[in-house]
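Colleague: Predicted structure and sequence below. I'll ask about it afterward.
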Amino acid sequence: MSCSSFAHGAPRARRDPIVTASDALAVVELARHRPPRDEIIAFLLDDAMRGTGTILSVHRVHAPADVLTVAELMGEAGAGSADTDIGVASSLVVASVRLRSQEMSFLDDVDLWQQMSDLTEQYGIILLEWFVITPAGISCPRDILGEPDRWPR
């Protein structure tokens with residue numbers, strides 16, 4: 001299933017699985033603020049790779065490392081999801097939109113990826129992907145590290 005087969009070009013929460021980076025980016029694009037601004041977008045997926053219905057968007061981003069706080073909050077929410085009706089969360093997708101000149105080196109982003117991955121793992125949540133969206137394009141620190149992707153095949 002390609003993301004173009006979804007309503008509005010994006011998977012629907014609790015219905016359509018998000019099984020590729022393209023699917024996840026379609027959700028991020030729906031959630032992004034217009035006009036663009038620095039923000040962090042995050043959402044949880046259940047065991048069937050469907051969105052749990054909640055997307056967090058943080059627009060008061062002061063530093064790139066704020067993504068760690070968002071990952072921790074989402075890890076806590078995911079760990080507590082068994083006690084709610086949103087579906088049991090098992091994985092997380094995060095996107096950082098960076099429009100201002102808060103330049104990070106690739107090594108800094110790789111370090112943040114590793115910290116986020118370790119942090120969410122403590123809550124039993126897999127960090128599937130972290131997209132860093134800048135005016136120059138989209139990168140994934142996991143790729144820079146040389147780690148294989150975590151999307152189901």
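Modeller: Arrived safely, thanks for sending.

Colleague: so who does residue 120 touch?
Modeller: Residue 120 is in contact with 71, 74-75, 78, 92, 126-127, counting by CB atoms under 8 Å, 6 or more residues apart in numbering. Backbone N, C-alpha and C define where each C-beta goes, glycine included.

Colleague: Could I get those in TSV, plus columns for neighbour count?
Modeller: Below are the contacts of residue 120 laid out as TSV (neighbours: other CB atoms under 10 Å):
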residue	neighbour count
71	25
74	25
75	22
78	24
92	25
126	16
127	22
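
Colleague: where's the dip in pLDDT among those residues?
Modeller: Scanning the contacts of residue 120 for pLDDT, the low point is residue 78. It has 88.

Colleague: Now do the helices in this protein.
Modeller: Remark: helices assigned in the chain by DSSP state H are 21-31, 66-79, 106-122, 141-145.

Colleague: could those go into CSV alongside distance to residue 50?
Modeller: Shown next, in CSV, are the helices of the chain (distance: least, CB to CB, whole Å):
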stretch, distance to residue 50
helix 21-31, 11
helix 66-79, 14
helix 106-122, 18
helix 141-145, 22
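
Colleague: mind checking which of these is nearest residue 151?
Modeller: Minimum separation from residue 151 across the helices of the chain (CB to CB) falls at helix 21-31, 6.4 Å.

Colleague: Go through the closest one and flag the buried ones.
Modeller: 21, 23-28, 31 (16 or more other CB atoms under 10 Å).

Colleague: Contacts for the least confident helix or strand in the chain by mean pLDDT next, please.
Modeller: Among the helical and strand segments of the chain, the one scoring lowest on mean pLDDT, DSSP states H and E is strand 51-58, with a mean of 90. Contacts with strand 51-58, where a contact means CB under 8 Å, 6+ apart, come from 11-14, 18, 27, 31, 33, 39-46, 66, 70, 73-74, 77, 81, 86-87, 89.
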